[in-house]
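kindly generate the corresponding structure for this input.
(chains A and B)
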Amino acid sequence: MMRLFAFLTILVSAAGLRAQDQFITWRTNYREALREAAQTRKPIFLEFRCEA
Amino acid sequence: MEGRVFDAQVVLSPKDSPLGKVLQEYVCVRVVRMDDVDVALFDRDWNNAIYFFALNSDEQIYLRYGGRESASPDTYNSVDSMRIALEQGLALHRKYLSGELPKQERPKPVFPREMPLLVERTFARRACVECHLIGDFQNIQRERDGVLDKLTHLYRSPDIKTIGIELDVPKGLVVKEAKGAVAAAGMKAGDRIASWDGTAVWSFGDVQYRYDKVDRHAKQLRIGVERDGKPVDLTVDLPPRWWWTDLRFRQSSVDPRLDFEDRPLTDDEKRQLGLNPDGFASRVKYVSEFAKIRKTHDLRVGDVIVAVDGVERDEWANTAELFLKLHTKAGESAKLEVLRDGKRVPMTLQTNILSFRK
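Modelled structure (predicted):
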């Protein structure tokens, strides 16, 4: 049972890492994005999404 | 939910996709709560459930991406045109960093928590500050303060199709077909729109935002296009009611609900009926079931509305429906003069207000 749990944990983590690696990372905090953009000298792409 | 598919296409862009490669050059941020958003800096038509800005850490906005037409929220959204816009954003950013792009003046910040109606009706209930509520409450406040200009504040985001522009959407601002007023001004298929009313534009979102800022009294509009790599300036004669759009998708707006729709009479129809040729006489083409339930009026399909409150002509309206939308406050009543079976019938119309929904 423990071995199965460990295997599943590794599988889920690996899938998560792969997804993280595969797709664009979207921040959720605008102020933090401003700081990061200032540090990296990158522009910001800001999405406003009304999900209601 | 409006824009769901496009949202997923953008947010789940693989890094190795054409869009993903450009997005990696940006710090991407997705904001789903409007509570702390500076609504002055990020001013837009708030009836867009999805909207984007490219900017820098000094909060200088390079371009907008988004915008919709009345018929559909998705007409102008495309991952291809977004990629084109974002590439342009990178070029503008390089110019900014090298000092070639002048700094724009930042508008005085305004936050939703400073908007009394939002505080009273949304924050107090711990409800979500939905995008459209910002626009709705701005207009309700303007109406209360006596500064609501319906032509500008209610009929937001004029439709470029009204002046004859059909875009080749995946190609950004490339014109697919030019008809009507813009064709008369010399616009051609294949032109790329480069400026609108004197301001550089990089996306449909930019065009629609700039178009919205044009004075509704304007008779002409300057559009700059790029043709075969060369700039061409066009002066477009704006047709009557170039600003008009179908408001039905703006479901919580301040416009009076009328429970009917009409169409303008033709010159021939007016002549045959002996009506004022310059008047806004119109034929009823649809009556909502709510008219019977709420007993708001007794109009029938086919009726001709000749006058509203004794008025037959108006500078802006070409139908009784538009006259009522422009000159009546939601909740007020009006006296109609209706032509039915050859007889003039007086009738009262009670308009409805929808602000209780908030």
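
report the contact partners of the residue nearest the centre of chain B.
Nearest to the geometric centre of chain B sits B:S157, at 2.4 Å (C-alpha atoms, centre = their mean). By C-beta atoms under 8 Å, 6 or more residues apart in numbering or on different chains, B:S157 lies in contact with B:D45, B:N47, B:G67, B:R68, B:Q208, B:Y211, B:D212, B:T245. Heads up, the C-betas are built off the backbone N, CA and C, glycines and all.

show me the strands in chain A, by range?
In chain A, the strands defined using DSSP state E lie at A:44-49.

how about the residues of it near chain B?
With C-beta under 8 Å from any C-beta of the partner chain as the criterion, chain A comes near chain B at residues A:21-30, A:33-38, A:40-52.

longest helix in chain B, by residue count?
helix B:79-97 (DSSP state H).

circling back: filter the residues of chain A next to chain B down to just the ones in helices.
Assigned to helices by DSSP H, the following of those qualify: A:D21, A:Q22, A:Y30, A:A33, A:L34, A:R35, A:E36, A:A37, A:A38, A:T40.

the second one touches B:K15, doesn't it?
Yes. Under the criterion of C-beta atoms under 8 Å, A:Q22 lies in contact with B:K15, with a separation of 6.3 Å.

please give me every residue in contact with the nearest residue to B:R83 once chain neighbours are set aside.
With sequence-adjacent residues excluded and distances taken as C-beta to C-beta, 6 or more residues apart in numbering or on different chains, B:R83 is closest to B:L19, at 4.8 Å. Counting by C-beta under 8 Å, 6+ apart, B:L19 makes contact with B:V10, B:S13, B:V79, B:M82, B:R83, B:L86.

among those, which one sits closest to B:L133?
B:V10 (23.7 Å; C-beta to C-beta).

and that closest one, how many residues sit next to it?
25 (other C-beta atoms under 10 Å in any protein chain shown).

immediately after the helix or strand containing it, which helix or strand?
Using DSSP states H and E, B:V10 sits in helix B:4-11. As assigned by DSSP H and E, the chain's next helix or strand after helix B:4-11 is helix B:18-23.

pull the CA atoms of the helix or strand just after that following helix into CSV?
The helix or strand immediately downstream of helix B:18-23 is strand B:27-31, counting by DSSP H and E. In CSV, the C-alpha atoms belonging to strand B:27-31 read as follows (Å, rounded to 0.1, in the frame of the first residue of the first chain):
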residue,chain,number,x,y,z
VAL,B,27,5.4,38.7,-17.3
CYS,B,28,1.9,37.2,-17.7
VAL,B,29,-0.7,38.0,-15.0
ARG,B,30,-4.3,37.0,-14.8
VAL,B,31,-6.7,39.0,-12.6
